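In: Got a sequence here, can you build the structure:
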Amino acid sequence: MSHARSQHPNAPLTPEGRRRMVGCVLDKGWTVTATAQRYQVDAKTVRKWRDRYLADGDAGLEDRSSRPHRSPNRTPKALRKRVLRLRKRRRWGADHIAFEVGLAASTVQGILNRAGKGRLDRGDRATNTQPPRRYQREQPGELIHVDIKKLAGIPDGGGWHSRGRGYPGEKSTNSHRAGYRYIHSALDDRTRITYSEILNDEKAITAAGFWTRAANWFTSIGITPQRVITDNGSCYKSGLWHRACNATGTVVKKTRPRRPQTNGKVERFHRILLEEWAYIRPWTSEIQRHDAYTGFIHFYNHHRSHGSLNWATPISTLGDNLPKVHT
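Out: Prediction:
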């Protein structure tokens with residue numbers, strides 16, 4: 001029996017599950033009630049699929065379209081394509097896409113569901129049953145969030161993301177020499193403006209040098225870092241880190257133990273990086289991915305709207321009289 005058709009979103013069983021359920025009644029002689037209890041469905045469901053099977057055979061166990069013959073109020077095709085394009089390119093949630101295209105979030109979610117794109121692989125807003133609890137500093141520079149994201153390097157020619165599992169040479173020594181890259185990021189709590197670099201390690205001297213450059217960059221666009229918050233990683237507990245922060249006149253703060261949400265804004269930024277840059281396409285080299293990073297950071301600061309900023313872009317929250325951000 002073919003399974004090429006997508007399963008109806010409200011279906012309690014797959015076509016194969018329905019075949020087995022019907023087989024309990026017709027082949028094994030189970031009662032409808034006992035079968036319903038076994039498959040955790042209503043007795044009416046068992047009767048429906050039994051009768052469809054008796055009438056049409058295996059074809060009767062497939063989903064039937066619930067689409068009406070006419071849909072005069074349906075979203076225009078071009079707009080539906082734009083929704084799906086944004087989902088694929090940016091991996092945004094329904095509310096973000098809705099703002100961009102001017103539709104209701106429920107309409108966007110319906111378009112995504114019908115296209116089989118209703119859920120992301122992980123971290124989708126649709127799976128979050130609790131409303132987010134947000135806080136925000138009053139002025140830019142009051143608090144800068146800093147964190148590091150470790151990312152596997154890409155061997156020349158690409159890894160399994162671009163060539164598939166089991167590609168020739170996957171297990172060779174050369175395929176494991178790409179190592180890791182470390183994304184150091186500093187994010188302003190009020191504006192979400194971010195300074196970020198891809199570096200080769202997470203040593204204290206590297207983190208301290210990064211902070212010096214980040215603080216100077218923030219100062220150049222009119223943001224004076226007053227406090228910086230990090231986790232308790234070894235590089236952030238070092239004397240080099242504290243001296244670098246003291247040199248920029250910045251007070252050092254640490255997250256509470258076992259409370260990573262204290263630094264949640266920069267961790268959310270790193271999740272955005274993974275979804276909208278690192279894994280958005282099958283890169284074929286580390287250089288290719290690295291070259292695209294500068295453009296993505298510019299897009300993030302200048303053009304990517306944020307729900308937490310009432311759909312403003314980070315740079316727009318600074319006002320029109322400040323220098324342009326160069327990344």
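In: Run through the stretch 1-150 of the chain and note the low-pLDDT ranges.
Out: Low-confidence segments of the stretch 1-150 of the chain (pLDDT under 70): 1-12, 66-72, 121-137.
In: hmm, who's touching the helix or strand containing V108?
Out: In this structure, V108 sits in helix 105-114 according to DSSP states H and E. Identification of contacts with helix 105-114 by Cβ atoms under 8 Å, 6 or more residues apart in numbering yields 9, 75, 80, 83-84, 87, 94-95, 97-98, 101, 118, 126. C-beta: built from backbone N, CA, C; applies to glycine.
In: again, 10 Å this time
Out: Residues outside helix 105-114 that contact it (Cβ atoms under 10 Å, 6 or more residues apart in numbering) are 6, 9, 67, 74-75, 79-84, 86-87, 92-101, 103-104, 117-120, 124-126.
In: go on, stretch 17-25?
Out: 1, 11-14, 27, 30-32, 34-36, 38-39, 41, 45-54, 58, 60-63.
In: can you list the domain ranges for this structure.
Out: For the chain, the structural domains run 15-61, 77-126, 144-318, going by automatic domain parsing.
In: can you pull up the bridge partners for the residue lying closest to Y300 once chain neighbours are set aside?
Out: Distance criterion Cβ to Cβ, 6 or more residues apart in numbering; nearest residue to Y300, sequence neighbours excluded, is T194 at 6.4 Å. With beta bridges defined as DSSP bridges, T194 has these partners: L187.
In: G295 versus the residue positioned nearest the centre of the chain, what's the distance?
Out: Nearest residue to the geometric centre of the chain (Cα atoms, centre = their mean): E275, 4.3 Å. Distance of E275 to G295, given as Cβ to Cβ, to the nearest Å: 16 Å.
In: can you check Y236 too?
Out: When Y236 is compared with G295 (using Cβ to Cβ), they lie 29 Å apart.
In: just G29 next, same as before
Out: Counting by Cβ to Cβ, the gap from G29 to G295 is 66 Å.
In: So for these two, which residue has more residues nearby?
Out: Set G29 next to G295 and count neighbours by other Cβ atoms under 10 Å: G295 wins out with 11 against 8.
In: From the chain's centre, how far out is the host helix or strand of the more buried one? Work that out for me.
Out: Assigned by DSSP H and E, G295 belongs to helix 286-302. Using Cα atoms, centre = their mean, to the nearest Å, the mean C-alpha position of helix 286-302 is found 17 Å from that of the whole chain.
In: Can you give me the buried ones in that helix?
Out: The neighbour-count check on helix 286-302 (16 or more other Cβ atoms under 10 Å) flags 286, 289, 293, 296-297, 300-301 as buried.
In: Break down this protein into its strands, ranges please.
Out: Here the chain has its strands, by DSSP state E, at 144-152, 180-188, 194-199, 227-230, 251-254.
In: ok so, going back, among the domains of the chain, which is nearest E138?
Out: Among those, the nearest to E138 by Cβ to Cβ is domain 144-318 (6.9 Å).
In: can you list the weak-confidence ranges in the stretch 151-300 of the chain?
Out: In the stretch 151-300 of the chain, residues with pLDDT under 70: 157-177, 258-261.
In: now the helices for it?
Out: For the stretch 151-300 of the chain, helices defined by DSSP state H, counting those that start in this stretch occupy the ranges 160-163, 204-220, 234-237, 239-247, 264-273, 286-302.
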